[in-house]
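>>> Build the 3D model from these lines:
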Amino acid sequence: MARIVVAGNMVRFPMGGASLDYLAFLVGLRQLGHDVYFVERARWPQACYDVAKRENTDDCSYGIAVAQALLKQYDLAERWCYVELSGRYHGLSRARVAWAFATADAFVELDGSGWETESATTKRRVLIDGEPAWQQMNMENSERAGEQLPTFDYYYTTGHNVGTERSPSPTAGKTWGKIFWPITVDSVRFEPHTGEGAFTSVMRWRTNKSVTFNGKTYGQKDLEFPKFMTLPRLTAIPMEIAVSRAPREALELLRHSGWRVCDADEISVNLDSYWQYIRSSRGDFSVCKNVFVANNVGDFIGRAGWQMASGRPAVVQDTGFSAHLPCGPGLFAVRTVEEAAAAIETITADYMTHARAAREIAAEYLDARKVLARFLGEIGIS
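Numbering: from 1, shown residues only. Down below sits the predicted model:
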């Protein structure tokens, strides 16, 4: 059994989908028999998103309540901490956190640095990048500006094409191992939709800031979704988007184009509401970030994986992941709105075949125990 400290953002961004992704890492490592700790800290003012008030704040009480309840469900109630900007610790004490780092076999940073001092003596320090190309561009830009970046013993990315001839993404001088974002498949009931539900998409119109690299600027989903704006007019199947942080003009255009529109923050207010929305969905339609698409990074969106595990087929804008996952029954990689419409019609014509195939792909390629066992083996932990 190894001791593993994982850093992420469950308190600062306590939304249902994001919490599910972090839990998958923690629970998957526990399923493999390892001793797991979760750590998080604020690194700038107003770092915490209060979902109830829809505002960023220094008050971490909302996020702590959400994270504490979730971690308790998975026997991690005494294995987490959150550090405020003031230095105040919640959950584990400063001394206990220092002990966890000092005795850990690995520190895995999923999101949110700031643990350089504590992890300095940890046996293995691993960065897992879930923003391929965007991450590497920012790293190279920072180094060119003379900034010193945190160092790790291993670098991993969900961008399976990063560092290969398939992608023009920079590497920031690092060798990047590859990993799919894990899904705890055995925790998800296989229950394909049997009614007349819509294909759904849950997204933020714009998540990160744009990044400019070598004179070219790359953006977010707001630059890619217009390519698929007319999709509802090309299929008889209802299309629905749960979106947050979209400008009024974009919302008006979505409705005018035939999209059903709802609020992503309401959908993702907690895990129960998030899963309720998934269960109401006939399948997943996902547009990806411009920086992923433009650089053909090979990233596969985690939310689509959860949908597939529940038996909902997925139609996903291709970022180059089609070179690494089987596409056809259950999962379709598309580049154009016409391809997306054709995929939805194909799924609808033989829904149960595609539902079963979606589950099989999730179980074979995305299951947390398989993904994380392979990852740990590669960094020398059995």
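>>> ok, now how distant is the most centrally placed residue in the chain from His256?
In the chain, the C-alpha nearest the mean C-alpha coordinate belongs to Gly302, at 4.9 Å (C-alpha atoms, centre = their mean). Relative to His256, Gly302 is positioned 30 Å away (criterion: C-beta to C-beta, to the nearest Å). For every residue, glycine as well, the C-beta is placed using N, CA and C.
>>> can you list the residues that contact the helix ranked longest in the chain?
Identified as the longest helix of the chain according to DSSP state H is helix 16-31. Residues from elsewhere that reach helix 16-31, judged by C-beta atoms under 8 Å, 6 or more residues apart in numbering: 4, 6, 8-10, 36, 38, 66-67, 70-71, 74-76, 108, 110, 181-184, 187, 202, 267-275, 302-303, 306, 368-369, 371-372.
>>> What subset of these is buried?
Listed as buried from the contacts of helix 16-31 are 4, 6, 8-10, 36, 38, 66-67, 70-71, 76, 108, 110, 181-184, 187, 202, 267-271, 274-275, 302-303, 306, 368-369, 371-372; burial here means 16 or more other C-beta atoms under 10 Å.
>>> Just the ones of these in helices?
Residues from these lying in helices, with DSSP H as the criterion: 66-67, 70-71, 267, 271, 274-275, 302-303, 306, 368-369, 371-372.
>>> Nearest to Thr230 among the residues you listed?
Checking these against Thr230 by C-beta to C-beta gives Arg303 as the nearest, at 22.8 Å.
>>> got the contact list for that closest one?
Here Arg303 is in contact with 17, 202, 284, 286 (criterion: C-beta under 8 Å, 6+ apart).
>>> Adding distance to Met352 and pLDDT, write these out as CSV.
Supplementary listing: the contacts of Arg303 in CSV, determined by distance: C-beta to C-beta, whole Å; pLDDT from 0 to 100:
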residue, distance to Met352, pLDDT
Gly17, 26, 87
Val202, 24, 94
Asp284, 16, 97
Ser286, 22, 97
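>>> you'd agree Asn161 is up against Val293?
No. Using C-beta atoms under 8 Å, Asn161 is not in contact with Val293, being 11.7 Å away.
>>> Count the neighbours of the residue lying closest to Ala106 once chain neighbours are set aside for me.
For Ala106, ignoring the flanking residues on the chain, the nearest one in space by C-beta to C-beta, 6 or more residues apart in numbering is Arg124 at 4.3 Å. Neighbour count for Arg124, taken as other C-beta atoms under 10 Å: 19.
>>> residues touching Arg124, list them.
Counting by C-beta under 8 Å, 6+ apart, Arg124 touches 105-107, 153-154, 379-381.
>>> Compute the distance between the nearest residue to Val291 once chain neighbours are set aside and Asn208, please.
Among residues not flanking Val291 along the chain, Tyr218 sits closest, at 3.8 Å (C-beta to C-beta, 6+ apart). As defined by C-beta to C-beta, Tyr218 lies at a distance of 10 Å from Asn208.
>>> These two: which has the busier surroundings?
Under the neighbour definition other C-beta under 10 Å, Tyr218 and Asn208 were set side by side, and Tyr218 has more, 21 against 15.
>>> Let me see the backbone angles for the more buried one.
Here the main-chain torsion angles of Tyr218 (degrees, to the nearest 10) amount to phi -120, psi 140.
>>> Okay, helices next: where are they in the stretch 51-200 of the chain?
Per DSSP state H, counting those that start in this stretch, the stretch 51-200 of the chain carries helices over the ranges 61-73, 94-103, 116-119, 134-144.
>>> Looking at these, spot the one closest to Ser322.
Ser322 lies closest, by C-beta to C-beta, to one member of those: helix 134-144, at 20.5 Å.
>>> Buried residues, the closest one. List them.
134-141.
>>> Take these and write them to a markdown table, including pLDDT and distance to Asp222.
What follows is the buried residues of helix 134-144, written out as a markdown table (pLDDT from 0 to 100; distance: C-beta to C-beta, whole Å):
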| residue | pLDDT | distance to Asp222 |
| --- | --- | --- |
| Trp134 | 97 | 14 |
| Gln135 | 97 | 19 |
| Gln136 | 98 | 21 |
| Met137 | 98 | 18 |
| Asn138 | 97 | 19 |
| Met139 | 97 | 24 |
| Glu140 | 97 | 24 |
| Asn141 | 97 | 21 |
